[in-house]
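Enquirer: Any chance you could fold what I've pasted below:
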Amino acid sequence: MATSKLYLGNLSQDVTPDTLKHLLHEHDVPFLADTVQLKKGFAFVDVQDSASAEEAIRKLNGYNLMGSVIVVEHSVQRNRGRSRTTKVSIRKIPFQVPDEDITNLAATFGTIKECHTSIHEMSNTKTANITYEAPEQAQQAVTHLNNYDCEGSYLQVNYVNENGGRNFYRNRYNPGGGNQGFGGFGGRNQGQSQDFPLRMLVPNVMVGAIIGKGGQTIRTITGATKAKVDVHRKENIGPEKPITIYGSAEACSEACRKIIEIMQQESVATGQSTDDETSDPTSSEDVPLKLLAHNSLVGRLIGKAGVTLKKIMQDSNTRITISNLQELTLYNMERTVTILGAPDDLSKAEKLIMQKLRASYDADMQNIMSEPNAMQPNPALFPGILPPAAATLAMQQQMQQPQPSEKSDLWVPGGVVGALIGPGGQNIRLVSRQANATIKIAPADQSAQGQAERKVSITGSPDAQWKVQWWVFSKVGQEGYAGNDVVRLRAEIAVPSNMVGRIIGKRGASVQDLQNKTSAIIEVPRNKQGDENGEVPVTIVGNFYSVQSAQRQIRKLVSQAQQQQQGQGPMQRRQPGPPKHVNMQ
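Expert: Next comes the predicted model:
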């Protein structure tokens, strides 16, 4: 009788092979003990037959094992189309990972006939092209390695056609450790928003009731709704914990409704409101629903002059407030949408809000990802949509890097200046203080384009640049100047005039490569004299991600070139070989 292979995902780091064997024994799953293969976050095991596999999936999928809701499914989904190719491409491998480790990881899914790696110096990553013995093995590698956490970098795995071209694998969201198809950026089907997560905040005192004894309540929710519910107990040291719900729009809403019911019941049982412990005795509106929405989407949720949000409140018979920009941090750009009303009205408002957020998100992704080589956004900036471990790593890397002061200019429509400044300068002062940056808006007669455009000058660290420029782009979108399209603005940064040749490259090769990689339009003056500081302006046009990517790439290129010049002064060039104190890498 043929055995059947199971995939177990979203495993805690504390899980061992013996843990899995005990789990299978405990639930009477007949398995082959010597076939348990445990990797970081996932595992494979062979069970006796297909009937045993189906029974194991029924019993264990959604089971809370050592604090993690695990995923159990067939190793290769039966309803997926099978590829005939045996070749896959594994990208985004950290530069420091040995080739042997890459081969061992890939060999988990079958016999490897060939493995070739290439290094990308610009991004400090590797790409491995793997040829398996059979197409089914290649399919398992694509299915389970896509978005696998490899030392903080989330791998991108695609089929490679026999003629050498990549066939970008578009997989659905699959809630599991190494098999996380978070969709959205780079791996998303256009117009498909079922992988857009619902994020909410719940009071710490309610977390136990939502999880239930031994995880029973949360298993019931996931089983009844077919949604995956993650309670992030280790996040937020404040009075609330975030919950992320993955699945279709209907599944997410139903899971959210069940959590609302649990919080209502717990509030009645304890006799106090979850939002204000000093409030009056409980009523149907005592428990608010708090959704989390990325700041880039909030403007369209509110609508011009608040029209969209007012319509949602009227249609759902609720009261809705949204946290202000002051509560944002560089690595958490989510704002809290607080909804007050009866339980049924809360659910109605949630559906309307999420419908608007999903539509806005889809529109952004279709515009951004339709561009060739679109920039992958910083994972630290998209909680819930991208894996949280990447956010931690990105934050650590940012904090370890020096933060020099930089200056950049953005040109915005003249009509948006009032919204940027705010009543009595309130908005611009708040953002300037929050980002620790200097922001100046040039008078109309000093702007290059007269009153049609106004120049916004920003001085601060790279972190401050990101935050302020994000705010400017968002404001332009909120004021409706881009319509339904992604906001595109013109930016300028100054570079030393003697670096122009480096940026342009031989016959324009370097600047063309920059444009291809960032999807921005980059204009570098070829024969312009430098100003009093010996600098010339480089113009960049594109959406926020393109402009940010181009700025960072250009500044990095200039910095590397200047370091090379400083290390090769006149005295050093006269020496026949490199000085002993120079570290040659």
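Enquirer: Distance from the chain centre to the longest helix seen in the chain, please.
Expert: Longest helix in the chain by number of residues, with DSSP state H as the criterion: helix 343-369. With CA atoms, centre = their mean, to the nearest Å as the basis, helix 343-369 stands 17 Å off its chain's centre.
Enquirer: does the nearest residue to residue 531 once chain neighbours are set aside count as helix, strand or coil?
Expert: Setting aside the residues directly before and after it, residue 531 is nearest to residue 494 in space (CB to CB, 6 or more residues apart in numbering), at 7.9 Å. C-beta: built from backbone N, CA, C; applies to glycine. At residue 494 the chain is in strand, as set by DSSP: H, G, I helix; E, B strand; the rest coil.
Enquirer: List the contacts of residue 494.
Expert: The contact partners of residue 494, by CB atoms under 8 Å, 6 or more residues apart in numbering, come to 407, 531, 533, 535, 536, 537, 538.
Enquirer: Just name the closest of those residues to residue 200, please.
Expert: residue 407 (39.6 Å; CB to CB).
Enquirer: Now do that closest one: how many residues are near it, please.
Expert: 14 (other CB atoms under 10 Å).
Enquirer: low pLDDT regions in the stretch 301-450 of the chain?
Expert: 325-332, 364-403, 445-450 (pLDDT under 70).
Enquirer: Which residue ranges of it form strands?
Expert: Remark: strands assigned in the stretch 301-450 of the chain by DSSP state E, counting those that start in this stretch are 319-322, 334-340, 406-413, 438-441.
Enquirer: Let's have the ones you listed in JSON lines, adding distance to residue 525.
Expert: Formatted as JSON lines, these follow (distance: least, CB to CB, whole Å):
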{"stretch": "strand 319-322", "distance to residue 525": "43"}
{"stretch": "strand 334-340", "distance to residue 525": "40"}
{"stretch": "strand 406-413", "distance to residue 525": "15"}
{"stretch": "strand 438-441", "distance to residue 525": "23"}
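Enquirer: what about the ones you listed, which gets the closest to residue 504?
Expert: For residue 504, the closest of the strands of the stretch 301-450 of the chain is strand 406-413, at 20.0 Å, according to CB to CB.
Enquirer: Can you list the strands that that closest one pairs with?
Expert: strand 453-460 (antiparallel), strand 489-496 (antiparallel) (DSSP bridges).
Enquirer: Is it possible to get CSV of those strands that adds distance to residue 357?
Expert: Formatted as CSV, these follow (distance: least, CB to CB, whole Å):
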stretch, distance to residue 357
strand 453-460, 27
strand 489-496, 23
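Enquirer: Among the ones you listed, single out whichever gets nearest to residue 558.
Expert: Set against residue 558 and scored by CB to CB, the strands paired with strand 406-413 come closest in strand 489-496, at 5.4 Å.
Enquirer: and whichever helix or strand comes after that closest one, what does it pack onto?
Expert: Downstream of strand 489-496, the first helix or strand assigned by DSSP states H and E is helix 500-504. Judged by 3 or more CB pairs under 8 Å, 6 or more residues apart in numbering; DSSP states H and E, the packing partners of helix 500-504 are helix 509-518, helix 544-566.
Enquirer: hang on, the earlier thing: if the residue nearest to residue 531 is in a bridge, with which residues?
Expert: Here residue 494, judged by DSSP bridges, has bridge partners residue 537.
Enquirer: For stretch 526-536, C-alpha coordinates in PDB please.
Expert: The C-alpha trace of stretch 526-536 is given here as PDB (Å, rounded to 0.1, in the frame of the first residue of the first chain):
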ATOM      1  CA  ARG A 526      25.600  65.400 -18.000                       C
ATOM      2  CA  ASN A 527      27.200  68.800 -18.600                       C
ATOM      3  CA  LYS A 528      26.000  70.900 -15.700                       C
ATOM      4  CA  GLN A 529      28.400  72.800 -13.500                       C
ATOM      5  CA  GLY A 530      28.200  72.100  -9.800                       C
ATOM      6  CA  ASP A 531      26.800  74.700  -7.400                       C
ATOM      7  CA  GLU A 532      28.800  76.500  -4.600                       C
ATOM      8  CA  ASN A 533      29.100  73.100  -2.900                       C
ATOM      9  CA  GLY A 534      30.200  71.300  -6.000                       C
ATOM     10  CA  GLU A 535      26.900  69.400  -6.300                       C
ATOM     11  CA  VAL A 536      24.400  68.900  -9.100                       C
END
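Enquirer: Can you tell me what sits against it?
Expert: Residues contacting stretch 526-536 (CB under 8 Å, 6+ apart): 494, 495, 496, 497, 498, 500, 504, 525.
Enquirer: in that stretch, what counts as buried?
Expert: Buried residues in stretch 526-536, defined by neighbour count with 16 or more other CB atoms under 10 Å: 535, 536.
Enquirer: just stretch 244-254 next, same as before
Expert: 244, 245, 246, 247, 248, 251, 252, 253, 254.
Enquirer: Chain neighbours aside, what residue packs nearest to the fourth one?
Expert: In other words, residue 247. Residue 247 sits nearest to residue 227 (CB to CB, 6+ apart), 3.5 Å away.
Enquirer: Was I right to think that neighbour contacts residue 244?
Expert: No: look at residue 227 against residue 244 with CB atoms under 8 Å: they stay out of range, at 10.2 Å.
Enquirer: Could I have the PyMOL command that selects the buried members from the contacts of stretch 526-536?
Expert: Provided next is the PyMOL selection string for whichever of the contacts of stretch 526-536 are buried by 16+ other CB under 10 Å:
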select buried, resi 494+495+497+500+504
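Enquirer: Now distance to residue 127 and pLDDT too, for the contacts of stretch 526-536, in CSV please.
Expert: CSV is the format used below for the contacts of stretch 526-536 (distance: CB to CB, whole Å; pLDDT from 0 to 100):
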residue, distance to residue 127, pLDDT
494, 35, 92
495, 30, 91
496, 33, 91
497, 36, 88
498, 34, 87
500, 31, 87
504, 27, 88
525, 35, 86
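Enquirer: Determine how far the helix or strand containing residue 223 lies from the middle of the whole chain.
Expert: Following DSSP H and E, one finds residue 223 within helix 216-225. In this view, helix 216-225 has its centroid 26 Å away from the chain centroid, taken as CA atoms, centre = their mean.
Enquirer: Only alpha carbons, please: show the helix or strand that comes right after that helix as PDB.
Expert: Downstream of helix 216-225, the next assigned helix or strand under DSSP H and E is strand 228-231. Extracted C-alpha coordinates of strand 228-231, given in PDB (Å, rounded to 0.1, in the frame of the first residue of the first chain):
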ATOM      1  CA  LYS A 228      -6.300  31.200  10.300                       C
ATOM      2  CA  VAL A 229      -6.200  33.200  13.500                       C
ATOM      3  CA  ASP A 230      -2.800  34.300  14.900                       C
ATOM      4  CA  VAL A 231      -2.800  35.800  18.400                       C
END
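Enquirer: got a list of contacts for strand 228-231?
Expert: For strand 228-231, using CB under 8 Å, 6+ apart, the contacting residues are 62, 69, 71, 175, 202, 207, 210-211, 218, 221-222, 241, 243-247, 255, 259.
Enquirer: Partner strands of that strand and their direction?
Expert: strand 240-246 (antiparallel).
Enquirer: Return the angle between stretch directions for the strand it pairs with and strand 334-340.
Expert: Inter-element angle recorded for strand 240-246 and strand 334-340: 90 degrees (by axes from the mean of the first three to the mean of the last three CA atoms, to 10 degrees).
Enquirer: Tell me the helix or strand right after strand 240-246.
Expert: helix 249-270.
Enquirer: For the residue nearest to residue 247, give me its contacts.
Expert: So residue 227 contacts 221, 245, 246, 247, 248, 251, 252, 254, 255 (CB under 8 Å, 6+ apart).
Enquirer: what about 7 Å?
Expert: Remark: with contacts taken as CB atoms under 7 Å, 6 or more residues apart in numbering, residue 227 is in contact with 245, 246, 247, 251, 252, 255.
Enquirer: Roughly how far does the third one sit from residue 222?
Expert: Between residue 247 and residue 222 the distance is 9 Å, computed by CB to CB, to the nearest Å.
Enquirer: now swap in the last one and tell me
Expert: Distance from residue 255 to residue 222, counting by CB to CB: 7 Å.
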